[in-house]
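[1] Structure, please.
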Amino acid sequence: VYEDVDNLELVIGQEYLDEINKNREKSFWKGVISKKTKSKYPAIIKYGEKELNAEVRIKGDWLDHIQGDKLSFRIKLLDGNFNGMREFSIQQPGARGFMHEYVIHKIFLEEDVLTSNYGFVPVKVNGESRGIYAYEEHFAKHLVEGRDRREGPIVKFDEDVLWKLNRENLYKKEGHISGPVVESSVISPFKAGKTTRSPILKENFIIAQNLLNQYRMDSAPISELFKVDKLAKFYSIINLGRTWHSMRWHNERYYYDPISSKIEIIAYDCYTASELNNLKVQTTPEVIAATPSFDYDKYLAYSPFNDIVFARKYVEQMDTYLNSERMENILAKYEGEIDNYTKMLQKEYSFFTYNKNFIKDGVKSVSYTHLTLPTINGEWWSRGGPGLC
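    This is a model prediction of the structure:
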């Protein structure tokens, strides 16, 4: 089906494939993919004229990553690169909403919001076609240095406890276990070994950890912790793209900028399902009160709006997107790539169509709305301007 374009081929020894399939079976019994089933195995990666040494493992958390013969893999190249990446993942395109993820990545790229390299490529395993996959760059220094940032630690809230609870609750009909998951989550760096061995990176990580703790505990204004202009763009774009999934604390990734000594958000897991085409764009943040049913998980995502500096920057950014042709121009720039990838996807997924007006329609649907935001003292304010009042 995809013989007219270069395929990414994984060459994996049969004994290692057998072990991968055993781990896959264990995951089906457990209901989720655990760390214990993500062992690494040697492989050769072929692409065009390249033949590169690599390590591969199963990736993902939910079982959609290992259904059928289209397994998701994390690939680490031991020499060379694939499309400029040394470490990346491949997964079936539907896991991220087909073209929606690709388009939103391009918008982030054009708006200089940090995000991973993302695209599509046909894949073979030991010469057998597995169809088209989505590829995504992993979190390493190339991600930030390739976007004109100085090397600094990339950090996250560890989600191990979250997935342990998910496993425990998977088959419970009642009496679900809950707890302060985000509050107790460990803040950890990617490339932990390299980070701890480097005195500079280790020192930077400690600072980043402190900043993220202040964000988590809501103990300092967001504008003192984050690059507010980048964060405002991030929130504006995910609203226009309806990719709220990326706001969840366990999906967010953060880069510590050693020059500004602030955190910069990395857009990741920007999932928008095709059935969300008719879902309206949110312009006002959800306000969550501290009640007995208080959901800190949700609160954390919306807590930046407690900072008037961020709130004003967000309104200014939304104003730009709603009342200019900025989004339309970005989409026009990538129209050829969007058409090409859509045709590639339709070879395997004949039911798939991508609405190229998805983002533009979202912009039009809110261009003349009334946008209000809370101040840090709980009073409401609004900003006047074309389309926003």
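
[2] At the geometric centre of this structure, which residue sits there?
    By CA atoms, centre = their mean, the mean C-alpha position of the chain lies nearest to Y268, the distance being 1.4 Å.

[3] can you tell me which residues contact that one?
    The contact partners of Y268, taken as CB atoms under 8 Å, 6 or more residues apart in numbering, are 115-116, 246, 251-253. Bear in mind the C-beta positions are built from the backbone N, C-alpha and C, glycine included.

[4] Where do the strands of the stretch 151-300 of the chain begin and end?
    154-157, 187-189, 253-257, 262-266 (DSSP state E, counting those that start in this stretch).

[5] Please name the strands paired to the second one in the sheet, noting orientation.
    Using DSSP bridges, the neighbouring strands of strand 187-189 in the sheet come out as strand 154-157 (antiparallel).

[6] Figure out how far the partner strand is from the centre of its chain.
    Strand 154-157 sits 12 Å away from the centroid of its parent chain (CA atoms, centre = their mean, to the nearest Å).

[7] what would the strands of the stretch 151-300 of the chain look like in JSON lines with mean pLDDT?
    As requested, the strands of the stretch 151-300 of the chain are exported to JSON lines (pLDDT from 0 to 100):
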{"stretch": "strand 154-157", "mean pLDDT": "94"}
{"stretch": "strand 187-189", "mean pLDDT": "94"}
{"stretch": "strand 253-257", "mean pLDDT": "96"}
{"stretch": "strand 262-266", "mean pLDDT": "97"}
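
[8] Nearest approach to I45 belongs to which of those?
    Minimum separation from I45 across the strands of the stretch 151-300 of the chain (CB to CB) falls at strand 154-157, 23.4 Å.

[9] Would you mind giving the secondary structure of the closest residue to I90 other than its chain neighbours?
    Spatial nearest neighbour of I90, chain neighbours left out: Y133 (4.2 Å); criterion: CB to CB, 6 or more residues apart in numbering. Of the three states, Y133 takes strand under DSSP: H, G, I helix; E, B strand; the rest coil.

[10] Make a markdown table from the strands of the stretch 151-300 of the chain and add distance to K50 and mean neighbour count to it.
    Shown next, in a markdown table, are the strands of the stretch 151-300 of the chain (distance: least, CB to CB, whole Å; neighbours: other CB atoms under 10 Å):
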| stretch | distance to K50 | mean neighbour count |
| --- | --- | --- |
| strand 154-157 | 26 | 24 |
| strand 187-189 | 30 | 18 |
| strand 253-257 | 28 | 23 |
| strand 262-266 | 27 | 23 |
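
[11] Take the ones you listed and lay them out in TSV including distance to F205.
    Output for these, formatted as TSV (distance: least, CB to CB, whole Å):
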stretch	distance to F205
strand 154-157	7
strand 187-189	5
strand 253-257	7
strand 262-266	12
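
[12] right, and the ones you listed - which one's nearest G94?
    Proximity to G94 (CB to CB) singles out strand 253-257 among the strands of the stretch 151-300 of the chain, at 22.4 Å.

[13] Who does the closest one pair with, and is each partner parallel or antiparallel?
    If you go by DSSP bridges, strand 253-257 pairs up with strand 154-157 (antiparallel), strand 262-266 (antiparallel).

[14] in the stretch 101-250 of the chain, what spans have low per-residue confidence?
    For the stretch 101-250 of the chain, applying pLDDT under 70 flags the ranges 161-163, 165-180.

[15] hang on, F108 in a strand?
    No: counting by three-state DSSP, one finds F108 to be helix, located in no strand.

[16] So it versus V56, what's the distance?
    Remark: distance between F108 and V56 (CB to CB, to the nearest Å) = 27 Å.

[17] Between those two, which is the more surrounded one?
    More crowded of F108 and V56, by other CB atoms under 10 Å: F108, with 28 against 24.

[18] and the residue nearest to the more buried one when sequence neighbours are not counted, what are its phi and psi?
    Nearest residue to F108, sequence neighbours excluded (CB to CB, 6+ apart): T115, at 4.1 Å. For T115, the backbone dihedrals (degrees, to the nearest 10) come out as phi -160, psi 170.

[19] give the contact list for T115.
    Shown in contact with T115 (CB under 8 Å, 6+ apart): 105, 108-109, 266-268, 270.

[20] what two of those residues have the greatest distance between them?
    Farthest pair in those, by CB to CB: L109 and Y268, 13.1 Å.

[21] which residues of the stretch 101-250 of the chain fall in helices?
    All helices of the stretch 101-250 of the chain, identified by DSSP state H, counting those that start in this stretch, fall at 141-145, 160-169, 181-184, 192-197, 199-216, 222-225, 228-241.

[22] Of those, which stretch is the most buried?
    helix 228-241 (a mean of 23; mean count of other CB atoms under 10 Å).

[23] Compute the inter-axis angle for it and strand 253-257.
    Counting by axes from the mean of the first three to the mean of the last three CA atoms, to 10 degrees, helix 228-241 points 160 degrees away from the direction of strand 253-257.

[24] Report the backbone C-alpha coordinates of helix 228-241 in PDB.
    What follows is helix 228-241, C-alpha atoms only, in PDB (Å, rounded to 0.1, in the frame of the first residue of the first chain):
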ATOM      1  CA  VAL A 228       3.700  34.100  30.600                       C
ATOM      2  CA  ASP A 229       3.600  34.900  26.900                       C
ATOM      3  CA  LYS A 230       4.300  31.300  25.900                       C
ATOM      4  CA  LEU A 231       1.800  30.000  28.500                       C
ATOM      5  CA  ALA A 232      -0.900  32.400  27.200                       C
ATOM      6  CA  LYS A 233      -0.300  31.200  23.600                       C
ATOM      7  CA  PHE A 234      -0.500  27.600  24.800                       C
ATOM      8  CA  TYR A 235      -3.900  28.100  26.500                       C
ATOM      9  CA  SER A 236      -5.300  30.100  23.600                       C
ATOM     10  CA  ILE A 237      -4.300  27.600  21.000                       C
ATOM     11  CA  ILE A 238      -5.600  24.500  22.900                       C
ATOM     12  CA  ASN A 239      -8.900  26.400  23.300                       C
ATOM     13  CA  LEU A 240      -9.100  27.100  19.600                       C
ATOM     14  CA  GLY A 241      -8.000  23.500  18.800                       C
END
